[in-house]
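>>> coords below, sequence missing:
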């Protein structure tokens, strides 16, 4: 036992990627037990390690943590990435939850049947360009600081950077008019821990493609 | 301005009901601005009051709070319903997020087209009976205390009670084999603030059937 957190999840971004980003940005080394087949998942279930029979699950500080938001909040608190008081925590949560709404639309594209894919992609473009990215650009413009909340790096900045990389890979033109967001993305990417995580060979997982999803669907029978 | 929180949402349970429960249980009186048609929603948007153009929105402590989880966490912290330290907060978050997964299935049912309703109902029954309720029953059994975390009322107990009322109205038989959960439901229901909230005429909203939701949709553009 190395004492490092152990992340249990499939070999995809999915609902674990934000946790990987947050730990990496906090400079916390972690191990991964990648679930490669149904038997791996069944073993976790049968050993009673998954409170709701679901992953992500993170072993950390003697606990088997489940539910990605619970895990993210714990890590953010532990590594001082959650603001300095209740009001800053509220802002960080508001912004992070907005990001999750956009993030969820990426899942919807992958899950959508062929005839609904174009509509799902259009929805991401519309929401990114007209709802979510303008809201975050406005926050940065309103206080002119380098980070979203309290002039200090928080969970919100790290997860926004992760989201911007996703949006960029999906359609780089969506970021075009958001100069402050691009500056934040650059700023966070240049932090030593994040820079390392962005190198090839890190534990960062690739942008999900339809082929990857179909492969998983076969292996995990869903 | 009365100084009371003002809740902006449709006249349904939806994503605001948990906030109503939490405020009520904390003994906080609140006002509601019920959105009855598209114009009401447009006014909030045009007045720039909705960070992501969405409701729920709660005006409280000089802020326009959006995103139900952010709002719930703020209220829980303010009224000491969030445990005594980060480990208790983790447990409360884990449990609450599990409950949110089950709540989501009710939202999915409410907004599902006719041909998908039977499948949606079966999924709720399966998940309540075989995944979520057993997990919470097990927590109560493991420590033998009257509340889920830290032997003290928290956000987790209040939201679990709300969830159980929801499930009971949907199909009362689903609660049969969970005596500790039923005891918790009774315990929380008997707290003076909650007892008052459970009386007819309170701000509690009725269980929203798919048919009711269909009717409501006519007044809105979705």
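In hand now; what should we look at? Keep in mind that what you see is a predicted model, and the values were worked out from it rather than measured. Residues are numbered from 1 along each chain as shown, chains lettered A, B, ... in the order given.
>>> chain center to the helix or strand of chain A with the lowest mean pLDDT, what's the gap?
The least trusted helix or strand in chain A, going by mean pLDDT, DSSP states H and E, turns out to be helix A:210-220, with a mean of 88. Centroid separation for helix A:210-220 versus its chain: 20 Å, with Cα atoms, centre = their mean, to the nearest Å.
>>> How about that helix, which residues are buried there?
A:212-213, A:216 (16 or more other Cβ atoms under 10 Å in any protein chain shown). Where C-beta positions appear, they are placed from N, C-alpha and C, glycine not excepted.
>>> any idea how far residue A:99 lies from chain B?
Noted for residue A:99: a distance of 10 Å to chain B, by Cβ to the nearest Cβ, to the nearest Å.
>>> ditto for residue A:124
Using Cβ to the nearest Cβ, residue A:124 is found at 15 Å from chain B.
>>> Remind me which helix or strand the closest residue in space to that residue that isn't next to it in sequence belongs to.
Nearest non-adjacent residue to residue A:124, counting by Cβ to Cβ, 6 or more residues apart in numbering or on different chains: residue A:105, 4.7 Å away. Using DSSP states H and E, residue A:105 sits within helix A:86-111.
>>> picking up where we left off before, the residue nearest to residue A:124 touches residue A:131, doesn't it?
No: Residue A:105 lies out of contact with residue A:131 (Cβ atoms under 8 Å); the separation is 10.5 Å.
>>> Identify the contacts common to these two.
With contacts defined as Cβ atoms under 8 Å, 6 or more residues apart in numbering or on different chains, no residue is shared by residue A:105 and residue A:131.
>>> Residue A:160 and residue A:137 touch, don't they?
No: using Cβ under 8 Å, residue A:160 is not in contact with residue A:137, being 10.7 Å away.
>>> Need the residues touching each of the two.
Shared contacts of residue A:160 and residue A:137 (Cβ under 8 Å, 6+ apart): residue A:181.
>>> Which of these two has more residues huddled nearby?
Between residue A:160 and residue A:137, residue A:160 has the larger neighbour count (other Cβ atoms under 10 Å in any protein chain shown), namely 26 against 17.
>>> quick one: is stretch A:69-84 near chain B?
Yes: judged by Cβ under 8 Å from any Cβ of the partner chain, stretch A:69-84 and chain B are in contact via A:69-70, A:73-74, A:77-78.
>>> Of those - the most surrounded one?
residue A:73 (27 neighbours).
>>> mind checking how far that residue is from residue B:89?
7 Å (Cβ to Cβ, to the nearest Å).
>>> And stretch A:69-78, how far out from the chain middle?
Centre to centre, stretch against its chain (Cα atoms, centre = their mean), the figure for stretch A:69-78 is 13 Å.
>>> quick revisit: take the buried residues of helix A:210-220 and lay them out in JSON lines including distance to chain B.
Output for the buried residues of helix A:210-220, formatted as JSON lines (distance: Cβ to the nearest Cβ, whole Å):
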{"residue": "A:212", "distance to chain B": "24"}
{"residue": "A:213", "distance to chain B": "21"}
{"residue": "A:216", "distance to chain B": "20"}
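>>> Let's have those in a markdown table, adding distance to residue A:51.
As requested, these are exported to a markdown table (distance: Cβ to Cβ, whole Å):
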| residue | distance to residue A:51 |
| --- | --- |
| A:212 | 27 |
| A:213 | 26 |
| A:216 | 23 |
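>>> buried residues in stretch A:121-134?
Here stretch A:121-134 shows A:121, A:124, A:127-129, A:131-134 as buried, counting by 16+ other Cβ under 10 Å.
>>> where does chain A have low pLDDT?
Applying pLDDT under 70 to chain A flags residues A:1-2.
>>> coming back round to it: list just the nearest of the residues of stretch A:69-84 next to chain B to chain B.
Using Cβ to the nearest Cβ, residue A:70 is the member of these that lies nearest chain B, at 3.5 Å.
>>> Give me the spatial nearest neighbour of the closest one, chain neighbours excluded.
residue B:93 (3.5 Å).
>>> any idea how far residue B:103 is from that neighbour?
On the measure of Cβ to Cβ, residue B:93 and residue B:103 end up 15 Å apart.
>>> Looking at these two now, which is surrounded by more residues?
Counting neighbours by other Cβ under 10 Å for residue B:93 and for residue B:103 shows that residue B:93 has the greater number, 27 against 23.
>>> Who are the contact partners of the more buried one?
A:67, A:69-70, A:73-74.
>>> Could you tell me the phi and psi values at residue A:56?
The phi/psi pair for residue A:56 (degrees, to the nearest 10) reads phi -70, psi 150.
>>> any idea what sits nearest it, other than its immediate chain neighbours?
Distances taken as Cβ to Cβ, 6+ apart put residue A:16 closest to residue A:56, at 4.5 Å, once the chain neighbours are dropped.
>>> Residue A:34 now?
Here the residue nearest residue A:34, using Cβ to Cβ, 6+ apart, is residue A:11, at 4.6 Å.
>>> Tell me which residues touch the one you found, please.
A:34-36, A:205 are the contacts of residue A:11 under Cβ under 8 Å, 6+ apart.
>>> For stretch A:164-177, measure first residue to last.
For stretch A:164-177, the first-to-last residue distance is 13 Å (Cα to Cα, to the nearest Å).
>>> Show me the contacts of residue B:93 that map onto helices.
Counting by DSSP state H, the contacts of residue B:93 place A:69-70, A:73-74 in helices.
>>> Could you count how many residues lie near residue A:187?
15.
>>> Which residue ranges make up the domains of chain A?
Chain A breaks down by the TED database into domains covering A:6-79+A:197-210, A:86-190.
>>> Wait, residue A:5 touches residue A:62, no?
No: with contact defined as Cβ under 8 Å, residue A:5 does not reach residue A:62; the gap is 11.1 Å.
>>> In terms of packing, which of these two has more residues around it?
Using other Cβ under 10 Å, the more surrounded residue of residue A:5 and residue A:62 is residue A:5, with 19 against 6.
>>> ok, now which ones touch the residue nearest to residue A:134 when sequence neighbours are not counted?
Excluding the flanking residues, the one nearest residue A:134 by Cβ to Cβ, 6+ apart is residue A:178, at 7.6 Å. Residue A:178 makes contact with A:133-134, A:136-137, according to Cβ under 8 Å, 6+ apart.
>>> related to what we said a few turns ago, what is the nearest of the contacts of residue A:11 to chain B?
Closest approach to chain B among those (Cβ to the nearest Cβ): residue A:35, at 18.3 Å.
>>> beta partners for the closest one?
As for beta bridges, residue A:35 partners with residue A:10 under DSSP bridges.
>>> wait, isn't it in contact with residue A:12?
No: with contact defined as Cβ under 8 Å, residue A:35 does not reach residue A:12; the gap is 9.8 Å.
>>> Of these two, which one has the most company?
Neighbour count, other Cβ under 10 Å: between residue A:35 and residue A:12, residue A:35 has more, with 22 against 19.
>>> gap between the more buried one and residue A:83?
Distance from residue A:35 to residue A:83, by Cβ to Cβ: 33 Å.
>>> Repeat that for residue A:91.
With Cβ to Cβ as the criterion, residue A:91 and residue A:83 are 7 Å apart.
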